[in-house]
Every structure is written in C-alpha cells, then in structure tokens.
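Participant: kindly generate the corresponding structure for this input.
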Amino acid sequence: MNIPSEELLIDLADLYKVFGDFSRIRILYVLMEQEMPVQKIAGALDMTQSAVSHQLKILKQNKLVRARREGKSMFYSIADEHVRTILDMGKEHLEE
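Facilitator: Model prediction:
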C-alpha cells in the first residue's frame with residue numbers, strides 16, 4: 001500500500017477543514033479574480049471587515065492566501081495556482 005505518513009494525512013485533513021467554511025470559499029473565489037484589500041473584499045461579499053479579516057487570518061495561516069503591504073493597506077491574493085486547482089476540481093466533481 002502507498003498510504004502517506006500519519007503526519008501528512010493529519011495535515012491534509014486539516015487543510016480540507018479550512019475549505020469547509022462557506023465564507024472562506026467565497027473569499028477565495030473573490031481573490032481568484034484579483035488581489036484586493038480587506039475593505040473591498042468585505043464590500044464585495046457584504047461582510048464586515050472584522051469577519052473578513054478573521055477568515056483571511058485562517059487562510060493565510062494555511063498558506064492559501066498571501067498578503068502584500070502597500071502603504072497602510074494590506075492586499076490579499078490567492079497563494080498560488082494550487083488553490084485555484086483545488087476549488088476548480090471540487091466544483092467540477094460536484095457538477096458531474
């Protein structure tokens with residue numbers, strides 16, 4: 001059998017838990033379109049800046065988004081194309 005290590009399986013399960021939140025999925029879809037500051041994400045999704053910031057912190061800790069400072073503002077984007085691939089594959093699976 002080719003089963004990954006227990007540590008890797010635990011990390012994988014934790015990663016998928018992050019995708020298990022509706023708000024985080026919405027944020028990721030917005031960021032797949034373009035890099036944005038918290039205020040703009042909050043406005044696009046009709047969420048509070050506090051709620052968006054909380055979710056972005058979780059997404060950043062799990063290496064799904066990255067942040068870039070410009071003056072006093074932080075701009076967020078998806079971390080890499082793997083994030084897009086994971087979401088696209090999940091959507092494709094559901095649409096079958």
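Participant: quick one: buried residues of the top helix by length along the chain?
Facilitator: Counting residues, the longest helix found in the chain (DSSP state H) is helix 81-95. Within helix 81-95, the residues scored as buried using 16 or more other Cβ atoms under 10 Å are 83, 87. (Glycine included, C-beta is placed from N, CA and C.)
Participant: tally of neighbours for residue 51?
Facilitator: 15 (other Cβ atoms under 10 Å).
Participant: which of the three states applies to it?
Facilitator: Residue 51 falls in the helix class when you classify it by DSSP: H, G, I helix; E, B strand; the rest coil.
Participant: please apply the same query to residue 66.
Facilitator: Three-state assignment for residue 66 (three-state DSSP): strand.
Participant: residues in contact with it?
Facilitator: Residue 66 sits next to 60, 76-79 when contact means Cβ atoms under 8 Å, 6 or more residues apart in numbering.
Participant: rewinding a little: how far does the longest helix of the chain sit from its chain's centre?
Facilitator: Helix 81-95 has its C-alpha centroid displaced from the chain centroid by 12 Å (Cα atoms, centre = their mean, to the nearest Å).
Participant: related to what we said a few turns ago, take the contacts of residue 66 and keep only those in helices.
Facilitator: Among the contacts of residue 66, the residues falling in helices (DSSP H) are residue 60.
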